[in-house]
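Chemist: Kindly generate the corresponding structure for this input.
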Amino acid sequence: MNKMEKDYDNILNLDFDRKNWIPLTTAADFIFTDNRKRESLNGEWGFTPDVFQTVTRKQLFSLSDRDNKGRYVPMDLDFTRMEQVPVPGCWNCIRDQYWYYEGESVYARTFIYEKEKEDERVFLRIGAANYECRIWVNGKLRARHQGGFTPFYAELTDELVQENHLVITVNNRRELEQIPSMNYDWFNYGGITRSVDLFRLPPVFIKDFFCYLMPNTNFEKIEMKIKLSSEAAGQICRFSIAELGINEQVSTDERGEAVLRVSAHPELWSPQNPRLYTVALSCGKDRIEDLIGFREIRIQGKQILLNGQEIFLKGVCCHEESRDGGRTLSDDERMDIINTAKEMGCNALRLAHYPHSERMSQLADRHGLLLWEEIPVYWAVDFSNEETLLNAQNQMRELIMRDKNRASVIIWGVGNENPDTQERLNFMKQLIDICREYDQTRPVSAACLVDVDTMSVKDRLTEFVDLVAFNEYYGWYYRDYEGIDEILNNTAVDKPLAITETGAGAKTGHHGGAEELFTEEHQEKVYRKQLEYIDGRLQGFFPWILFDFVSPVRKHPMQGGKNSKGLVDLDKDRKKKAFYVMQEYYREKLHK
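Modeler: Sure, this is the predicted structure:
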């Protein structure tokens, strides 16, 4: 390629993006960073939408605007004059003209690095960026990640100088092979939606650990699994829980891993008693801490047992959506969700339909709320595509590795409303295998489809999940109410059964007859009739949904671009009449 061909390559090469492909960052790169000292890079960043991917086409990742002779040259981007936007944040919420934008955007900032220890290693963590994200440091591509809701990491140690130029591209364009795929019932917020932080770690550090109450040990044994950052045999790891009088040590094997089991009698975590213990782990120059609750969740026949006692999941579904910030919530907003669910009488939340921020599970640990967490294998997915499977498997691993120490998380969800095809069954079975490989302490489930020919939950996936769940909308999409009775009569499974979605749309403040669609009275009737049919016949109930949320697929004037099935309006303040129906049912009719 001559010089002119090289100069024109960025506009003539249709496959330009491959220049910016490096192996994807995956769960294998996960680092435990909770409660570690962090240096935040949140705040004001330079930003621009990049409709034609000009920055990646032309490799504009450097601050330089001069040629090799020092002469100024025209540039298509001036990093010093970019629009300033908050990180974390969603670009859709910045300006009206960005609201429906889907595609690539560019974020940039500089930061100062002063070495504190000669042998320190420095890692960048992005809590989430939707969907494909790439990180350039001082002009060099350091990481590439896919998936919009889980954290990922990039080591920057060898690239850092005193003043560093950081460029991050984020692309939320919907594609067939992605997870989720092309079509879904929520808003496709783009951007760096969670925190960006730097971490300084020693040469060999504690990469991951899993601490939990061992199942079937009469609540008397705690197990700790430890993984170091390198295959360092013979490293002494010290494990302590001061409040339980535990202070033990264990030596790592040739893989840099260790397992320690100790006898203990912890006060068990539950929604009524969300007891947490400070767990400390040290190895060499590294030390970490976490707040962990000890409890056992297991399935016995058709029962769900928490700490050996049967529990009914008094749940509700919830999206992660701020009043003004899209996918970026404050802790106050997360507490609004928790408090509203508790006010309704809930003991459980289904965090639909993707991993919410880890702050939600941390707060649920402290305030005693059970969580169903899932990945966005939602509706139609390219189940025959190997790349799609790898993507889903990685999102499942990243979610489990992030939240496995959270007592509040009791169910891993592998999908929602997918067609019962052989390709889908093979796909989902492999996701279930991931859950059981990485975590033997929690049940696995999925929201299955009803077979309308047999009026039963006949999904082949029910054979492989631990808890059988299904979605139905009798009284709404199907105007009769007897269908739910038929489904429950015709579904024979020797496993717990839960409804993971049901409900009806209602515009807040719109009133009328009980059979008039979109009135609060109609939504109220649907809930009353549903509760008549399900009372005493399920082990879990998760109405759809706690709050109205933005959804471009909802075009009806009574919806106005939002899914109006919420029991509370989009502003999270105005409760609809059906909210109080559920409150009465959960508070007065179910005491478990």
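
Chemist: who are the neighbours in contact with the closest residue to Glu155 other than its chain neighbours?
Modeler: Nearest residue to Glu155, sequence neighbours excluded (CB to CB, 6 or more residues apart in numbering): Phe123, at 5.3 Å. No exception for glycine: its C-beta is placed from N, CA and C like everyone else's. Going by CB atoms under 8 Å, 6 or more residues apart in numbering, Phe123 touches Ile31, Tyr153, Ala154, Glu155, Leu156, Leu198, Phe199, Leu201.

Chemist: so which of the residues you listed comes closest to Gln309?
Modeler: Distance to Gln309, by CB to CB, is smallest for Ile31 among the contacts of Phe123, at 36.4 Å.

Chemist: ok, the residue sitting furthest away from the middle of the chain to Met82 distance?
Modeler: The C-alpha centroid of the chain is most remote from Lys69, which lies 49.1 Å away (CA atoms, centre = their mean). To Met82, Lys69 is 27 Å away according to CB to CB, to the nearest Å.

Chemist: Pull up the pairing partners for the helix or strand hosting Arg350, direction included.
Modeler: When elements are assigned from DSSP states H and E, Arg350 belongs to strand 348-351. Here strand 348-351 is paired, per DSSP bridges, with strand 317-318 (parallel), strand 370-374 (parallel).

Chemist: Check the burial of Lys117 by counting its neighbours.
Modeler: Lys117: 11 surrounding residues under other CB atoms under 10 Å.

Chemist: now the helices: where do they sit in the stretch 301-450 of the chain?
Modeler: Under the criterion DSSP state H, counting those that start in this stretch, the stretch 301-450 of the chain contains helices at 331-343, 358-367, 386-403, 422-438.

Chemist: thinking again about what came up before, take the strands paired with strand 348-351 and write them to CSV, including distance to Glu132.
Modeler: Formatted as CSV, these follow (distance: least, CB to CB, whole Å):
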stretch, distance to Glu132
strand 317-318, 26
strand 370-374, 21
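
Chemist: could you list every residue that touches the residue nearest in space to the middle of the chain?
Modeler: Residue closest to the average C-alpha location in the chain (CA atoms, centre = their mean): Pro355, at 1.0 Å. For Pro355, the contacting residues are Ala128, Phe149, Thr150, Glu373, Glu374, Ile375, Gln395, Glu398, Leu399, Arg402, Asp403, by CB under 8 Å, 6+ apart.

Chemist: Out of these, the closest to Glu243 would be?
Modeler: Nearest to Glu243 out of these is Asp403 (CB to CB; 22.8 Å).

Chemist: I'd guessed the closest one sits against Val409; true?
Modeler: Yes. Contact status for Asp403 versus Val409: in contact at 5.1 Å, counting by CB atoms under 8 Å.

Chemist: which neighbours do the two share?
Modeler: Ser361, Glu373.

Chemist: just for this protein, where's the confidence low?
Modeler: 1-8, 589-592 (pLDDT under 70).

Chemist: what's the domain layout of it?
Modeler: Per automatic domain parsing, the domain ranges recorded for the chain read 14-201, 216-295, 310-589.

Chemist: In JSON lines: those, plus distance to Lys302.
Modeler: Conversion of those to JSON lines gives the following (distance: least, CB to CB, whole Å):
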{"stretch": "domain 14-201", "distance to Lys302": "30"}
{"stretch": "domain 216-295", "distance to Lys302": "19"}
{"stretch": "domain 310-589", "distance to Lys302": "5"}
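
Chemist: Show me the one of these that comes nearest Gly301.
Modeler: For those, the distance to Gly301 is smallest for domain 310-589, at 6.2 Å, taking CB to CB.

Chemist: Contacts only, for Lys227.
Modeler: By CB under 8 Å, 6+ apart, Lys227 lies in contact with Ile206, Lys207, Asp208, Phe209, Gly256, Glu257.

Chemist: which residues does the fourth one bridge with?
Modeler: With DSSP bridges applied, Phe209 shows beta-bridge pairing to Ile226.

Chemist: correct me, but it touches Phe32?
Modeler: Yes. Using CB under 8 Å, Phe209 is in contact with Phe32, at 6.2 Å.

Chemist: which neighbours do these two share?
Modeler: The contact sets of Phe209 and Phe32 overlap at Ile288 (CB under 8 Å, 6+ apart).

Chemist: so where do the strands sit in the stretch 101-250 of the chain?
Modeler: For the stretch 101-250 of the chain, strands defined by DSSP state E, counting those that start in this stretch occupy the ranges 104-112, 121-126, 129-130, 132-137, 140-146, 152-155, 163-171, 191-192, 196-201, 206-213, 221-228, 236-241, 246-251.

Chemist: Pick the most deeply packed of those.
Modeler: Most buried of the strands of the stretch 101-250 of the chain, by mean neighbour count (mean count of other CB atoms under 10 Å): strand 191-192, with a mean of 28.

Chemist: for that strand, packing partners?
Modeler: strand 129-130, strand 163-171 (3 or more CB pairs under 8 Å, 6 or more residues apart in numbering; DSSP states H and E).

Chemist: Each with direction, which strands does the shortest one pair with?
Modeler: In other words, strand 129-130. Using DSSP bridges, strand 129-130 pairs in its sheet with strand 191-192 (antiparallel).
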